[in-house]
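# Quick one, fold the following:
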Amino acid sequence: MKVVIVGGVAGGATAAARLRRLDEKAEIIIFERSGYVSYANCGLPYYIGGEISDKGDLFLQTPEGFWNRFRIDVRTLHEVISINRDRKTVTVTDKTSGNTFEESYDKLILSPGAKPVVPDFCKGDCENVFTLRTVEDTFKIREYTDNNNIRTATVIGGGFIGLEMAENLKLRGIDVTVIQRSDHLLNILDRDIASFIHANFRAQGINLLFGADVKSVDGEYVITDCAKIQADMVIVSIGVTPENTLAKDAGLKLGVKGAISVNSGMKTSDDDIYAVGDAVEVENFISKDKAVITLAGPANKQGRIAADNICGINSTYKGTQGASVIKLFDMTVASTGMTEKQLKATGIEYEKVILSPLSHAGYYPGATVMTLKVLFDKKTYKILGAQCAGYDGVEKRIDVIATAIFAGLSADKLKDLELSYAPPYSSAKDPVNMAGFIIDNVKNGIVKHFYYEDIPELQKRSDITLLDTRTVYEYMRGHAEGFINISLDDLRECISELDPEKPVYVMCQSGLRSYLATRILMQNGFDAYNFAGGYRLYGTMHYDEAMSKQAYDCGMEK
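Now for the predicted structure:
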């Protein structure tokens, strides 16, 4: 059997190695149009910033290594320009010599990846405008920053690559501005959790510009619909689109966003052609809708699945949850599943809990606060998604919830998980367990929540009581408008000061004391609601909005 693979990196290289492990006699050829076949794509920004100092560390495998260990024929700088399905060949151009030839296959695996979206807004040669997708892109950016006096940089787009580039350029001492068309960074998050990234970036001295459209890049200036920003260099990172040219020209079936349509075994509409990675259409594990999700983990799994099926092993891809994590300076942000925006778009009725637990036992030194948000189906309590921002242990909690989603656990069952505990690592009641306890309380009517988006309307009402149960000192340092202060420890003695005919909406710092207050109130005949996330969340989001009000019309901070 002869298998030709178009593209290396995650999906293609994984498929090749798996094929060899399953079939020692197969002839395997990888054609890779770049100069590198297997590299740490996710590590590229960190080489530019200097966190990874040796560029050799970016390379996971070389053509020589593939041959020596696997007897796989890897040909870099070879671009497949067409698929000839009628005669089961591909047409290949050797980019070094310029020669073109045909190579036959019994089975073909497409792993072409995705290409950056680059609007046509450059004026002149735009030699200072870059995208980051390949190793060659990385070296070009690193060389430009090393050899030029770069004082200012603008990153267009607030996704993974854009934010990692903003961080690494800032670490090089460059004044960085991030331009984002929407109202928050990182669209895998909702704005409440993203507001912690905004605060972190502002604290690091990164300028943020929201709600702006880039009109052009003119020399050393980025021109938006409302501002002119000086930029010695520009990183364009507004998203990617599936690289579908080969598949489209070959008449293969395409799906959402032009991605290559495949079945659960990664087979295309041609029985002898498979496709994997960023170029393929996948199924959202939760909503079951078709989607394009560009992550390294799914690409690796898909490469293995394609190889299995080619070798006669019935292997299927179960769908993508979109589990991901990112480091931004000292902060970690992670998510899995769907966001509120996605749930609203699909019409799924949901409920949410937001909590602010410590990363480990509070009495052990070094504990930090995280904000964890869990979304679940309002009727079935199926877990729909989770997001977390903090410092230590963030990715651990999201990984546990991602596993629970895959296993089909209901949200309230998170309370029953037995998770490892020692004071330096967690609490006896892990944050995931705490989320489960809160959800179980919601299910049993023990607690009712209100949210940040509810507060503006609540502040207009005279038929309710807004109550802050923190200490006087905490309250005086900052509080939400309209909230009166009675500390939790004084509530029982002061409860007669509250009108029992008025519903009480309670806030504290993290949500724990306000929960205890609602239990006191409800058992004394009050209708009480707990603020999800606590004043820590409220303060972060309120500050985020205040920064926008002190800005130009499109959101550029003064």
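
# wait, what's in contact with the nearest residue to residue 55 once chain neighbours are set aside?
Spatial nearest neighbour of residue 55, excluding adjacent residues (CB to CB, 6 or more residues apart in numbering): residue 47 at 6.0 Å. C-betas here are computed from N, CA, C, even on glycine. Residue 47 makes contact with 55, 58, 138, 142 under the criterion CB atoms under 8 Å, 6 or more residues apart in numbering.

# contacting residues around residue 487?
Residues in contact with residue 487 (CB under 8 Å, 6+ apart) are 469-472.

# Among the residues you listed, which one is most surrounded by other residues?
residue 469 (27 neighbours; other CB atoms under 10 Å).

# and that residue, how far is that from residue 517?
Taking CB to CB, to the nearest Å as the measure, residue 469 falls 5 Å from residue 517.

# where do the contact lists of these two overlap?
Joint contacts of residue 469 and residue 517 (CB under 8 Å, 6+ apart) are 488, 491, 506, 508.

# Residue 4 bridge partners, please.
residue 29, residue 108 (DSSP bridges).

# Number of residues surrounding it?
25.

# Tell me if I'm right that it and residue 29 touch.
Yes. Between residue 4 and residue 29 there is a contact under CB atoms under 8 Å: 5.1 Å.

# so what sits against both of those two?
The contact sets of residue 4 and residue 29 overlap at residue 103 (CB under 8 Å, 6+ apart).

# on that earlier part again, just among the contacts of residue 47, which is most surrounded?
Most crowded among the contacts of residue 47, counting by other CB under 10 Å, is residue 138 at 24 neighbours.

# Quickly note the distance from it to residue 41.
10 Å.

# first to last residue in stretch 215-235, what's the distance?
The first and last residues of stretch 215-235 sit 15 Å apart, counting by CA to CA, to the nearest Å.

# Please apply the same query to stretch 51-70.
End-to-end distance for stretch 51-70: 31 Å, by CA to CA.

# Name the residues that touch that stretch?
13, 16-17, 20, 28, 30, 36-40, 43-44, 46-47, 72-76, 135, 138-139, 168, 171.

# Now with 6 Å, please.
20, 37-40, 43, 46-47, 72, 74, 76 (CB atoms under 6 Å, 6 or more residues apart in numbering).

# Any chance of these in CSV with secondary structure as columns?
Output for the contacts of stretch 51-70, formatted as CSV (DSSP: H, G, I helix; E, B strand; the rest coil):
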residue, secondary structure
20, helix
37, coil
38, strand
39, strand
40, coil
43, helix
46, helix
47, helix
72, coil
74, strand
76, strand
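
# Of all pairs in the residues you listed, which one is the farthest apart?
Of all pairs drawn from the contacts of stretch 51-70, the greatest distance, 30.3 Å, lies between 20 and 46 (CB to CB).

# What are the phi and psi values at residue 388?
Taking degrees, to the nearest 10, you get phi -150, psi 140 for the backbone angles of residue 388.

# Wait, it touches residue 398, no?
Yes. The criterion here is CB atoms under 6 Å, and residue 388 meets it with residue 398 at 5.4 Å.

# Find residues that contact each of these two.
residue 334.

# the more surrounded of these two?
Neighbours were tallied for residue 388 and for residue 398 using other CB under 10 Å; the higher tally belongs to residue 388 (30 against 25).

# any idea how far the residue of the chain most remote from its centre lies from residue 524?
Distance to the chain centre peaks in the chain at residue 496, reaching 47.9 Å (criterion: CA atoms, centre = their mean). Per CB to CB, residue 496 is found 10 Å from residue 524.

# ok, now residue 220?
From residue 220 to residue 524 the distance is 66 Å (CB to CB).

# Equivalent analysis for residue 73, please.
Per CB to CB, residue 73 is found 77 Å from residue 524.

# Okay, buried residues for the helix or strand encompassing residue 432 please.
Assessed by DSSP states H and E, residue 432 sits inside helix 431-443. For helix 431-443, a neighbour-count test (16 or more other CB atoms under 10 Å) marks 431-442 as buried.

# Same check on stretch 285-302?
For stretch 285-302, by 16+ other CB under 10 Å, it's 285-287, 291-296, 298-302.

# which ones among these are found in helices?
296, 298-302 (DSSP state H).

# min pLDDT across those, which one?
Minimum pLDDT for those is recorded at residue 296 (87).

# so where's the stretch 451-558 of the chain uncertain?
548-558 (pLDDT under 70).

# Over to the chain?
In the chain (pLDDT under 70), the answer is 40, 123-124, 548-558.

# got the CA coordinates for the strand or helix carrying residue 195 in CSV?
Element membership for residue 195, per DSSP H and E: helix 191-203. Below are the C-alpha coordinates for helix 191-203, written out as CSV (Å, rounded to 0.1, in the frame of the first residue of the first chain):
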residue,chain,number,x,y,z
ARG,A,191,-17.0,39.1,28.2
ASP,A,192,-17.3,38.6,32.0
ILE,A,193,-14.3,36.2,32.0
ALA,A,194,-12.5,38.1,29.3
SER,A,195,-12.6,41.2,31.4
PHE,A,196,-9.9,39.7,33.6
ILE,A,197,-7.6,39.5,30.5
HIS,A,198,-8.4,43.1,29.8
ALA,A,199,-7.4,44.2,33.3
ASN,A,200,-4.2,42.1,33.1
PHE,A,201,-3.2,43.5,29.8
ARG,A,202,-3.8,47.1,30.9
ALA,A,203,-1.8,46.4,34.0
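
# What segments of the stretch 201-350 of the chain are helices?
Residue ranges of the helices in the stretch 201-350 of the chain, as given by DSSP state H, counting those that start in this stretch, are 245-249, 296-310, 340-346.

# Figure out which of the ones you listed is closest to residue 206.
helix 340-346 (23.8 Å).

# next SSE after that closest one?
Trace forward from helix 340-346 with DSSP H and E and the next one is strand 350-355.

# Can you spell out which helices and strands pack onto the next helix or strand after that next one?
Next in sequence after strand 350-355, counting helices and strands by DSSP H and E, comes strand 371-377. Here strand 371-377 touches strand 350-355, strand 383-390, going by 3 or more CB pairs under 6 Å, 6 or more residues apart in numbering; DSSP states H and E.

# on that earlier part again, what residues sit buried inside the helix holding residue 195?
Quick answer for helix 191-203 (16+ other CB under 10 Å): 191-201.

# would you say residue 398 is within a helix?
Yes. The assignment for residue 398 is a helix, going by three-state DSSP.

# can you pull the contacts of it?
By CB under 6 Å, 6+ apart, the residues touching residue 398 are 334, 336, 386, 388.

# change it to 10 Å
323-325, 332-337, 372, 385-388, 432 (CB atoms under 10 Å, 6 or more residues apart in numbering).

# from those residues, which single one is nearest residue 210?
The closest of the contacts of residue 398 to residue 210 turns out to be residue 333 (CB to CB; 17.5 Å).

# For burial, what's the neighbour tally of the nearest residue to the closest one once chain neighbours are set aside?
The shortest distance from residue 333 to any non-neighbouring residue, by CB to CB, 6+ apart, is to residue 389 (4.8 Å). Applying other CB under 10 Å, we find 27 residues neighbouring residue 389.

# OK, contacts around residue 389?
186, 189, 192-197, 199-200, 328, 331-335, 369-373, 540.

# buried sites along the helix or strand containing residue 544?
In this assignment (DSSP H and E), residue 544 forms part of helix 534-549. Buried positions in helix 534-549, judged by neighbour count with 16+ other CB under 10 Å: 534-542, 544, 547-548.

# And stretch 346-355, by the same measure?
348, 350-355.

# Which of these sits closest to residue 9?
Nearest to residue 9 among the buried residues of stretch 346-355, with distances taken as CB to CB, is residue 348, at 33.8 Å.

# these two touch, right, that closest one and residue 384?
Yes. Shown here, residue 348 and residue 384 form a contact pair, counting by CB atoms under 10 Å, at 6.7 Å.

# Show me the common contact partners of these two, please.
Common neighbours of residue 348 and residue 384 (CB under 10 Å, 6+ apart) are 286-287, 338, 342, 375, 377-378.

# Just the buried residues out of these, in ChimeraX syntax.
A single ChimeraX command selects the buried members of the shared contacts of residue 348 and residue 384 (16+ other CB under 10 Å):
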select :286,287,338,342,375,377
